[in-house]
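Peer 1: Pasting the sequence and the predicted model now:
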Amino acid sequence: MNFAVGLKPLLAEARSMESLEKQLICPICLEMFTKPVVILPCQHNLCRKCANDVFQASNPLWQSRGSSAVPSGGRFRCPSCRHEVVLDRHGVYGLQRNLLVENIIDIYKQESARPLHAKAEQHLMCEEHEDERINIYCLRCEAPTCSLCKVFGAHKDCEVAPLPAVYQRQKSELSDGIAMLVAGNDRIQAIITQMEEICHTIEENGRRQKQHLGLRFDSLYSILEERKKELLQSIAREQEEKVQHVRGLIRQYGDHLEASSKLVESAIQAMEEPQMAVYLQHSKELLKKIMDMSKVSMSSRPEPGYENMDHFSINVDYVAEMLRTIEFQTEPLGEEDGDGPGDGSEATGDEDRLDSLEAPEAVEGQH
């Protein structure tokens, strides 16, 4: 239904008062602040009763203690900017009162009591009955109307209710809806925070497992290096033994060759002796040395294949194949094998907390 709003031109003072009134509206109850007024750390203001309602809606466990319980500690979010408000042990009663806003409210109420404002409020009149004020609410048409419309007009067959009663009921419902949305937003924010913590825990567990895997492979590298060192020492030891043995034979044969060469030189010099008597004096001894030298046995030499080192060959194919089959264990590691009992419990705890946060929403859906 359309209205004829016969608002007369207001003075500049009245317009200023209306502008001021908008600044004094609580974002929860949508009415003027009710003292005491508390100021949040983000500099927004709330009625202390509304702040308490928002806190209890965000912390359902407090509601189970009864409306007389005074919340101590905890947190909730500012309905205007979503800034998180952390309460001390005094709860909402520990929030600072905004005495300036309370004084402004007192001044506003004094100014509002003046006839100018009261006269302006009487200008909402019925369109069909110009002299009748809009004072009732049609429940079927869901529209404000006047008494004559109920008696003689379009709403005579409709059920009506007093305008202030409907006004207060709808404002209360809207306030409850706002509180419910604020509480729901807080639960969603809590879930987001928990999921962010889960992401952090996943990253931390992944980093820890990468480090653990690196240490395990470093241990394998150390074992391989140690075994490699042992096998190389075995090869070097036998190599040195064989080389020393052959070099000993070389020295033995060299000494024999040197002695035989000197004997040959002596024999050649004796052959060049022109005097027979002198030659015969030395020839017998020289012949004896030659016979003794020829009888020396030089049969000691390395056996065929003595230089072969093929017996030091190793087969690592089966080890390589085993290394290729290394996989993560499907069974959860115990405390001795793992990095500690806290490896997976953090993520599990985060999931449990998520379930507890989602549980109130499921209960609301059932209702």
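Peer 2: Received, thanks. Residues are numbered from 1 along each chain as shown.
Peer 1: my guess is Val85 is in a strand, correct?
Peer 2: Yes - assignment of Val85 by DSSP: H, G, I helix; E, B strand; the rest coil places it within a strand.
Peer 1: ok, it to Ala179 distance?
Peer 2: For Val85, the distance to Ala179 equals 15 Å [Cβ to Cβ, to the nearest Å]. Any C-beta I mention is one placed from the backbone N, CA and C, and that applies to glycine too.
Peer 1: can you check Leu231 too?
Peer 2: 78 Å.
Peer 1: quick one: which of the two has more around it?
Peer 2: Neighbour count, other Cβ atoms under 10 Å: between Leu231 and Ala179, Ala179 has more, with 19 against 12.
Peer 1: Skipping adjacent residues, who's closest to that one in space?
Peer 2: Take Ala179 and drop its neighbours on the chain: the residue closest to it by Cβ to Cβ, 6 or more residues apart in numbering is Ala57, 4.9 Å away.
Peer 1: Tell me which residues touch the one you found, please.
Peer 2: If you count contacts by Cβ atoms under 8 Å, 6 or more residues apart in numbering, Ala57 has them with 179-180, 182-183, 186.
Peer 1: Then Ala259?
Peer 2: Per Cβ under 8 Å, 6+ apart, neighbours of Ala259: Met293.
Peer 1: Is it correct that it falls within a helix?
Peer 2: Yes - the assignment for Ala259 by three-state DSSP puts it in a helix.
Peer 1: re the thing from before, if I look at the residue nearest to Ala179, how far off is Val37?
Peer 2: 19 Å.
Peer 1: swap in Ser261?
Peer 2: 124 Å.
Peer 1: Settle it for me: which of these two has more neighbours?
Peer 2: Between Ser261 and Val37, counted using other Cβ under 10 Å, the more crowded position is Val37 (24 against 10).
Peer 1: what's across from the more buried one in the sheet?
Peer 2: As for beta bridges, Val37 partners with Cys47 under DSSP bridges.
Peer 1: picking that back up, list just the nearest of the contacts of Ala57 to Ala165.
Peer 2: Lowest distance from Ala165 to the contacts of Ala57 (Cβ to Cβ) belongs to Ala179, with 21.1 Å.
Peer 1: follow-up on the earlier one: wait, a strand at the residue nearest to Ala179?
Peer 2: No - counting by three-state DSSP, Ala57 is not part of a strand but helix.
Peer 1: separation between it and His245?
Peer 2: Distance from Ala57 to His245, by Cβ to Cβ: 95 Å.
Peer 1: distance of the residue sitting furthest away from the middle of the chain from Met271?
Peer 2: Here the chain reaches farthest from its C-alpha mean at Ala277, the gap being 113.5 Å by Cα atoms, centre = their mean. Going from Ala277 to Met271 by Cβ to Cβ gives 15 Å.
Peer 1: Next: Asn185.
Peer 2: On the measure of Cβ to Cβ, Asn185 and Met271 end up 125 Å apart.
Peer 1: same check, this time on Gln252
Peer 2: Taken as Cβ to Cβ, the span from Gln252 to Met271 is 29 Å.
Peer 1: so where's the stretch 51-200 of the chain uncertain?
Peer 2: Scanning the stretch 51-200 of the chain for pLDDT under 70 picks out 60-73, 114-123.
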